[in-house]
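>>> Requesting a structural model of the entry that follows:
(one chain, ligands or ions: 2)
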Amino acid sequence: MGEYKIAVIQGDGIGPEVTQEAVNVLKAIGKKFQHNFTFEYPLAGGCAIDACGECLPKETLEICKQADSVMLGAVGGPKWDNVPNAQRPEKALLGLRAELELFSNLRPAKIYDALADACPLKAEIVEGGLDLLIVRELTGGIYFGERGYRQGKYGEEAYDVETYSEVEIKRILKNAFEVAMQRDKKVCCVDKANVLETSRLWRKVGEEMKNDYPQVELTYMYVDNAAMQLVRNPKQFDVMVTSNMFGDILSDEASMITGSIGLLPSASLGEGTFGMYEPIHGSAPDIAGQNKANPIAAILSVAMMLKYSFHLEKEAEAIETAVKTILEKGMRTPDIFSQGTNLLGTKEMGRAIADCI
Ligand code: IPM
Ligand code: MG
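Ligands and ions are numbered 1, 2, ... in the order given. Modelled structure (predicted):
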């Protein structure tokens, strides 16, 4: 019996709908396994701009820091497109990652047997299933480097700087090695070491660390080649570890291989067990409030929370099994619907999974 306090940042667009279903699933887990989950709902993103004039209010950060974990829906939407850069809803996400020191972002891409048809690649390329994990560095690199405007050779120019320290590289590689130990024991470090100094430092640190993990095979791949290999032969990968920017790009590519971005969860972790969990998809303003969004990514995100923050493996597995079961029964939200399957709304899908638990 455990007590867990969770900050739920619902955010914008479909965020509130999908997080609601994830909360309901957690309640079902609490009932079945005798845990007490309590929820607080701080604001961040566009809705916080509307309510308090800033995308990441101090109070929200305080609530998150005092919680055992954070669940986030999605932030942003066209309504806030003309807000000045420093206060865009996306800044709330970057601020949360930085302030909560969540430097390690785990983005799994897995193909469910029941949804093998949704994969846009030829069947033989993903035959036997696909299960890869992108470990993205989340609080460094070009996202957080020096930026600005200055006078250059052709007049005014803008710049964004990529910086990585050995400490930042070491801690993310350590994470990659450790998760690989629980999986197929292969780490591919994706970089651009033929051009970038930061990438060469990543390789130097990798070479120094690999002896501490003799069971893990460490390889390196240039990012352009990796983008191509993900489409040519994605099954060659187990864990891919990479910088903030490359990880952003490759994780969208990897998610599409599984057929729908509406299925993929993510975890953002720091040194301890505290984490922030969110679906990979965005706020999808075009379908917001219509009971059309797929809540599975949000629901699988709380499964990751149970596993990584609370070490509740059995409970996490119960969620994963429930998702698999309802997919096998042919239940589908519009994004994964095909002829002969059973079309459900966001709420009905959430309820089906919670009931299955
Ligand atoms: C993501 C998103 C964010 C990122 C945006 C919204 C700032 O694309 O989480 O992948 O680039 O990290
Ligand atoms: Mg992205």
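
>>> Could you pull up the residues touching P120?
Contacts here follow CB atoms under 8 Å, 6 or more residues apart in numbering; on that basis P120 touches 256-257, 259. Yep, even glycine has a C-beta here, placed from its N, CA and C like the rest.

>>> L102 too?
When contacts are counted by CB under 8 Å, 6+ apart, L102 is found next to 96, 138-139, 268-270, 275-276.

>>> Using the three-state scheme, assign it.
The local conformation at L102, judged by DSSP: H, G, I helix; E, B strand; the rest coil, is coil.

>>> same deal with H281?
Bear in mind the rule, three-state DSSP; under it H281 is coil.

>>> mind checking pLDDT for the nearest residue to it once chain neighbours are set aside?
Across the structure, with CB to CB, 6 or more residues apart in numbering as the measure, the residue nearest H281 apart from its sequence neighbours is I261 (4.7 Å). Note for I261: predicted pLDDT of 78.

>>> residue contacts, I261?
252, 255, 280-281, 297.

>>> how near is it to ligand 1?
Here the criterion is CB to the nearest ligand atom, to the nearest Å. By it, I261 lies 10 Å from ligand 1.

>>> and the stretch 251-357 of the chain, which residues reach ligand 1?
By CB under 6 Å from any ligand atom, no residue of the stretch 251-357 of the chain approaches ligand 1.

>>> Do a quick rundown of the helices in the stretch 251-357 of the chain.
Taking DSSP state H, counting those that start in this stretch as the test, the helices found in the stretch 251-357 of the chain are 296-308, 313-328, 346-356.

>>> Need the mean per-residue confidence for the first one.
For helix 296-308, the mean per-residue pLDDT is 97.

>>> where do the strands sit along this protein?
Assigned by DSSP state E, the strands in the chain fall at 3-11, 36-40, 69-74, 104-110, 131-137, 147-152, 155-160, 186-191, 217-222, 239-242, 265-269, 275-279, 331-332, 342-343.

>>> Let me have these in JSON lines, extended by distance to N233 and mean pLDDT.
Compiled in JSON lines, the strands of the chain are given as follows (distance: least, CB to CB, whole Å; pLDDT from 0 to 100):
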{"stretch": "strand 3-11", "distance to N233": "36", "mean pLDDT": "98"}
{"stretch": "strand 36-40", "distance to N233": "41", "mean pLDDT": "98"}
{"stretch": "strand 69-74", "distance to N233": "31", "mean pLDDT": "98"}
{"stretch": "strand 104-110", "distance to N233": "14", "mean pLDDT": "96"}
{"stretch": "strand 131-137", "distance to N233": "11", "mean pLDDT": "97"}
{"stretch": "strand 147-152", "distance to N233": "37", "mean pLDDT": "97"}
{"stretch": "strand 155-160", "distance to N233": "32", "mean pLDDT": "98"}
{"stretch": "strand 186-191", "distance to N233": "12", "mean pLDDT": "98"}
{"stretch": "strand 217-222", "distance to N233": "12", "mean pLDDT": "98"}
{"stretch": "strand 239-242", "distance to N233": "13", "mean pLDDT": "98"}
{"stretch": "strand 265-269", "distance to N233": "24", "mean pLDDT": "97"}
{"stretch": "strand 275-279", "distance to N233": "27", "mean pLDDT": "97"}
{"stretch": "strand 331-332", "distance to N233": "28", "mean pLDDT": "96"}
{"stretch": "strand 342-343", "distance to N233": "34", "mean pLDDT": "96"}
